[in-house]
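**Student:** The sequence and its predicted three-dimensional model are supplied below.
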Amino acid sequence: MKNEIHPETPDSSERPRNTLDKVIFTFGNTISLLFLFTVAISFYEVLMRYVFNAPTMWVHETASFLGGMLFIYGGIYALSINKHVRVVLIYDLVSDTTRRWLNVFHHIMGLLFSGLLSWAAYQMVQDSWFTPLGDLRLETSGSAWDPVFPALVKGMVFATLCIMFVQFSLHLIQELNGLRKRKDV
C-alpha cells in the first residue's frame, strides 16, 4: 500500500532498514549511471562500425561486463529496499502478524540460499582467480582483447552473495525484534 498523502513517497517497507541497506541503496543509485555509460559506448561502437567501418575490439565485452555487474548488484539493491520477489497474492491477504512470520521464513530461506550459493561462488572464484598451485592468475575471456572480466564477474557474484547473507541476517534480527515487541505490547 503506497503512502496515501504523498503517493510518490515509498512506504516504510520500501526504504532501507539499516545502515548497510542505506549504503547499498545510495551506492546503487550512484553506479546506475554506468547504464548511461554502457549506452554511450554501445552507440560509439555502432558509429565506428557502420559509419567509419572501424569496429572496436573492446566495446561489446565492456558493455556486457558492466551490464552483468549491475545486474548482479541489483539483487542486494532490491533486498535493501524490500523490492525482492514475493507471492503477493498470499502476502497481501494475510494479517500483519502472519506477514511478519512469512518475512521470518523468507529471511531464513534467504540465509540458506545465500549461504549455499556463497560457498559455490567461492569455489568458482578459486578456480577463476588461482592456478592449481595457488598462484594468482585471473581467468580471461579468450577473445582478441582478452580482459579479465570473467574472473571479476565471478568475484562480484561471491562478494554480492556474502553481502546478501549479511543483509538477510540483519533483516531476520530486525523482524524477530519486531515480533517480540508486538508480544510485549
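**Tutor:** Sure thing, it's come through.

**Student:** Grab the longest helix from the protein for me.
**Tutor:** Using DSSP state H, we find that the single longest helix of the chain is helix 149-184.

**Student:** how far is that helix from where the chain is centred?
**Tutor:** 11 Å (C-alpha atoms, centre = their mean, to the nearest Å).

**Student:** That helix - contacts with which helices or strands?
**Tutor:** Applying 3 or more C-beta pairs under 8 Å, 6 or more residues apart in numbering; DSSP states H and E, one finds that helix 149-184 makes contact with helix 19-31, helix 59-80, helix 96-129. No exception for glycine: its C-beta is placed from N, CA and C like everyone else's.

**Student:** Contacts for the second one next, please.
**Tutor:** Under the contact criterion C-beta atoms under 8 Å, 6 or more residues apart in numbering, helix 59-80 has outside partners 16-17, 20-22, 24-25, 28, 31-32, 34-35, 37-38, 41-42, 44-45, 84, 110, 141, 143, 145, 147, 149, 152-153, 156-157, 160, 163-164, 167-168, 171.

**Student:** just the buried members of those?
**Tutor:** For those, a neighbour count by 16 or more other C-beta atoms under 10 Å gives the buried set as 17, 20-21, 24-25, 28, 38, 41, 45, 110, 149, 152-153, 156-157, 160, 163-164, 167-168, 171.

**Student:** still on that earlier bit, deepest in the core, which of the helices and strands packed on helix 149-184 is it.
**Tutor:** Of all those, helix 59-80 has the most neighbours on average by mean count of other C-beta atoms under 10 Å, namely a mean of 18.

**Student:** Just the mean pLDDT for that helix, thanks.
**Tutor:** In this model, helix 59-80 has a mean pLDDT of 96.

**Student:** Next: stretch 115-135.
**Tutor:** 96.

**Student:** element containing residue 53, please.
**Tutor:** Residue 53 belongs to no helix or strand when assigned by DSSP states H and E.

**Student:** where does residue 166 sit relative to residue 172, distance-wise?
**Tutor:** Distance, residue 166 to residue 172, using C-beta to C-beta, to the nearest Å: 11 Å.
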